[in-house]
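Enquirer: My questions are about this predicted structure, shown below with the sequence.
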Amino acid sequence: MGTENPGRQQFPPARPVATPFSVAPPQNMMPFSSSGPVVGSEASGFRPIPPGAPQPMVPSSTHVVGSQASGFRPSPITRFSDPSVPSPPTANVPPIAGQFQRFPAPHFPSTVQAPLSHAPPIGQPLAQPPAPPVSFRPRPQIPPVPMGSPPQTVNPAVPSLSAPYSSSDSMYQAPRPNFQSSFPGYVRMQSNADSQAPPIPPPFPTHQGGYASSAPPPSSYPYLAQPGGYVPHPPVAAPLGMQSRDQMQHFGSGPPSGSIQGLMEDFSSLSIASVPGSIDPGIDSKSLPRPLEGDVEPKLLAEMYPMNCDPRYLRLTTSAIPSSQSLSSRWHLPLGAIICPLAEAPDGEEVPVVNFTSTGIIRCRRCRTYVNPFVTFTDSGRKWRCNICSLLNDVPGEYFAHLDASGIRIDLDQRPELTKGSVEFVAPTEYMMRPPMPPVYFFLIDVSISAVRSGMIEIVAQTIRSCLDELPGFPRTQIGFATFDSAIHFYNMKSSLTQPQMMVVSDLDDIFVPLPDDLLVNLSESRSVVEAFLDSLPSMFNDNANVESAFGPALKAAFMVMNQLGGKLLIFQNTLPSLGVGRLKLRGDDLRVYGTDKENMLRLPEDPFYKQMAAELTKYQISVNVYALSDKYTDIASLGTLAKYTGGQVYYYPSFQSAIHGEKLRNELTRDLTRETAWEAVMRIRCGKGVRFSSYHGNFMLRSTDLMALPAVDCDKAYAAQLSLEDTLLTTPTVYFQVALLYTASCGERRIRVHTAAAPVVADLGEMYRQADCGAIVSLFSRLAIEKTLSHKLEDARNSLQLRIVKALKEYRNLYAVQHRLGGRMIYPESLKFLPLYGLALCRSKPLRGGYADASLDERCSAGYTMVALPVKKLLKLLYPSFIRLDEYLLKASAQVDDLKRLPLAAENLDARGLYLYDDGFRFVIWFGRALSPDIAMNLLGADFAAELLKVNLKERDKEMSRKLMSTLEKFRESDRSYYQQCHLVRQGEQPIEGFLLLSNLVEDQMGGSNGYVDWLLQIHRQVQQNA
């Protein structure tokens, strides 16, 4: 509840605008021009040549240029002794004759650029494009490399922003070894080492400092990127169209060279060449890139902008924002961000809480941006400039602080909001439309005969009772219960009672709530009554033979109980709704529908009642978590809608039996009840002028064009947003993003969590690829593909995903096709080396795989609802799970968990003498080889070692090896508590369970007509080469 913009004043912009962010620059602002020559330390940041050293010779007609032409290297964080920063000179650079003149360096490192003296204003075309840049770098002689015809350019090492160079030129001409399998369907492998080529260090050193203009520049930068400090933005490249194609492809490259020079490759490649007379594809499977280290968060942006928020809160699909719409159109991958606003803080860190008691929260008057590390203070500290819209705001008297000689606030070390990318503000009363709500938990439990027989009721009652002390918000927490079969049962839990009173409503057409004030009670006051109810609930319905489910009317009744406060509604559903409003029919999987235009209708809600109820629930701040535990068709497509539009979650337990699945339900319900939750929340993402977020993906309700309504948020949920460019050309060197989550904490405080990040604007497509974040791209891809299955066939969703990967790799190949002899090699940026494999894994995931026979409809829909809400790390582990050999580790007494190494997900890594663990974050599968030592099996399973493993329950036994295995599994579970990995045991050759649990999930192998990793790469490579 509440609004993020209370008492907002309207201020007319300087000129008509199309969006709230389209703001005219201040009149004293120097127009940004990146087409002129550059001098100073920004000119690639080279060191001056020592006295006496020979001066390099270059043609006298060239301009001095450097990293300003490249547009992606930020200037080092420098604080000047002079609080006023001079602005660029308007005169041209003095002519250079013969050797470069060495200019005396000023007393501070210069970071300015000199535009051409006759350069037209921004927006007007140049008379002619500028001359190709020539690097200041002295060029040592490069030994020739016999690569055929002389190269046209010399491509020196790209500055530190580029990915590491890899010597991927080696040609894997040997055919793949024909491994002989000891057992049908399995291949033995001698080594599983991933033989990646080591990176080659750049041949040219990166220099700092250097050739600065001797004349001090006359005016100051209009606004700056550091808190109160006068530090220029990282430079932006010349707009697209003002550079030659050679410049766009190779920053820092020199003019055409007449002699044979070595040619560095700033891309990774994979040789694909078949051996004459062989049908072998010629790819060494051991050399294929695999994410065996799991997800690696990008570090480059954090090094460029150290005050950015941690990537776990906000990850961009590429840290280099395209400078123009035309450049954006050539980026065929998703452009956007993954946001996890309440992600668990890094170890040893906490998000600082700031309370502006007297001044009120400091925000921009125009765009409502919260004060952050990238705003700047001027006028002796009396004004601050917004980094999003550039408006100059007054500093409230209570927030005023003097600036030191460097222009920095003297209280900076006491202001976390000016030094930290993530901060929480305590919201004053104007951010509330009602008093902060208490944490509310209402449980709606199916008590039909199938629920009783499965043992679900007993597990749920025991788990809730064990969590009562850990529910957040004590002593304000509220709790209530209702059960249903063909009627609805309410429970009066007034604190004056010794036992709860049951009230039954059987009129499903005219639902009413008896005693509305006593159905939702304060837990601390009615603790004894609640405990008595939970103790008696399992036996209360033991003899119930009712097979019906009045779920729709029960849902309406729960809404009537909760709508005064809001809160979290937990639904435990075991039977397909069959009575009253919202009843569903057994439509199930229809084989005849798959492959037709009606296929997607199976994955959509059958009855609009559920989406209408979700909208009402969200309006009253009620979030729904659905626990579906049926052994029959439950129509998750319809029930999951309640979770999707209320910021909730779907938990699916097919064929639930308490003896088998009880531990998983117990742990996941405990996590749901006890994790810290943000209540009655709204979230908005602001970004700088010229860009906007155009679409949002995840579990929420969009209240306006950019305001997400989230009745409940926690650390296990992530959201995605796609970014688009509004302006044809971006004129700012940096784009800022700010995520603001307004919510009520369980303690009763209204708070605003703010995450702020900056990213450079570039005019080079290659730089966008170099700074790509594969994890964020795959995460956004998965959401788009799953949403596409709701309106198209599964095959269309898979083809669309593959086509975008092919287009992206083809565009990247075109960047280097002229300068390099690529031949049959498949090239890709180092940052996206895992993208093809993740694309294959996504196509074979449950929401997208195969057709009718490959996954049940409920499994497919529940997996889709789950995947669209997962954070990046969790999703990538689900797509490419851990696969580990355990027997050698268990036999070695000194072995530690950290010594375990992940294996590629291929059957050739299965040794019949081994014991293997498959972990996708949702379940463990332990595979016992047929020839595994009997001693190991007896130590782990006891007398059950020879039984059918499907019926064996793994538990800790009085053996050292068993204790070590159970301890290892528990450590894996502790690394991520969001879901509980239930353990499944399977022995080699036990079909069909072996194929269902393990073999079908080895994504690198061919399975059921779908490609394996090698075939997938060959197919993509062929499509990339077509018309490339």
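Expert: Alright, I've got the coordinates. Residues are numbered from 1 along each chain as shown.
Enquirer: Report the strands that pair with the helix or strand where Ala337 lies, each with its relative direction.
Expert: According to DSSP states H and E, Ala337 maps onto strand 336-339. If you go by DSSP bridges, strand 336-339 pairs up with strand 314-316 (antiparallel), strand 719-725 (antiparallel).
Enquirer: Can I get the ones you listed in a markdown table including distance to Asp858?
Expert: Heads up, the C-betas are built off the backbone N, CA and C, glycines and all. Converted to a markdown table, the strands paired with strand 336-339 look like this (distance: least, Cβ to Cβ, whole Å):
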| stretch | distance to Asp858 |
| --- | --- |
| strand 314-316 | 31 |
| strand 719-725 | 24 |
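Enquirer: Nearest to Arg675, out of these?
Expert: Nearest of the strands paired with strand 336-339 to Arg675, taken as Cβ to Cβ: strand 719-725 at 17.2 Å.
Enquirer: Hmm, Val440 and Lys568 touching each other?
Expert: Yes - counting by Cβ atoms under 8 Å, Lys568 touches Val440, with 6.6 Å between them.
Enquirer: Any regions of the chain where pLDDT drops low?
Expert: Residue ranges of the chain with pLDDT under 70: 1-267, 269-282, 588-589, 819-821, 823, 1027-1028.
Enquirer: Mind naming the longest helix for it?
Expert: Across the chain, the longest stretch assigned as helix under DSSP state H is helix 794-816.
Enquirer: Next SSE downstream of that one?
Expert: Taking DSSP H and E, what comes next after helix 794-816 is strand 826-828.
Enquirer: ok now that following strand, how far from the chain's centre?
Expert: The chain centre lies 24 Å from the centre of strand 826-828; the measure is Cα atoms, centre = their mean, to the nearest Å.
Enquirer: Next, the angle helix 794-816 makes with the helix or strand just after it.
Expert: Using DSSP H and E, the next helix or strand after strand 826-828 towards the C-terminus is helix 835-843. Using axes from the mean of the first three to the mean of the last three Cα atoms, to 10 degrees, the direction of helix 835-843 lies 170 degrees away from that of helix 794-816.
Enquirer: same for helix 835-843, what does it pack against?
Expert: Where contact means 3 or more Cβ pairs under 8 Å, 6 or more residues apart in numbering; DSSP states H and E, helix 835-843 is packed against helix 774-788, helix 794-816, helix 872-879, helix 1013-1025.
Enquirer: Please convert the ones you listed to TSV, extending it with distance to Thr618 and mean neighbour count.
Expert: What follows is these, written out as TSV (distance: least, Cβ to Cβ, whole Å; neighbours: other Cβ atoms under 10 Å):
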stretch	distance to Thr618	mean neighbour count
helix 774-788	19	24
helix 794-816	27	19
helix 872-879	24	23
helix 1013-1025	40	19
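Enquirer: ok so, going back, from the middle of its chain, how far away would the strand holding Ala337 be?
Expert: Mean-position distance between strand 336-339 and its chain equals 6 Å (Cα atoms, centre = their mean).
Enquirer: What pairs with the helix or strand just after it, parallel or antiparallel?
Expert: Once strand 336-339 ends, the next helix or strand along the chain (criterion: DSSP H and E) is strand 353-354. Looking at strand 353-354 with DSSP bridges, its partner strands are strand 422-426 (parallel).
Enquirer: could I have the strand it pairs with exported to PDB, CA atoms only?
Expert: Only the C-alpha atoms of strand 422-426 are listed here, as PDB (Å, rounded to 0.1, in the frame of the first residue of the first chain):
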ATOM      1  CA  SER A 422      22.300  -0.600  -2.000                       C
ATOM      2  CA  VAL A 423      20.600   1.100   0.900                       C
ATOM      3  CA  GLU A 424      17.300   1.000   2.800                       C
ATOM      4  CA  PHE A 425      15.500   4.200   3.800                       C
ATOM      5  CA  VAL A 426      13.000   4.200   6.600                       C
END
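Enquirer: sorry, back to before: now the strand holding Ala337 - C-alpha only, CSV.
Expert: Extracted in CSV, the C-alpha atoms of strand 336-339 (Å, rounded to 0.1, in the frame of the first residue of the first chain):
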residue,chain,number,x,y,z
GLY,A,336,17.5,-5.9,-20.2
ALA,A,337,18.1,-6.8,-16.5
ILE,A,338,17.4,-9.4,-13.9
ILE,A,339,16.3,-7.9,-10.5
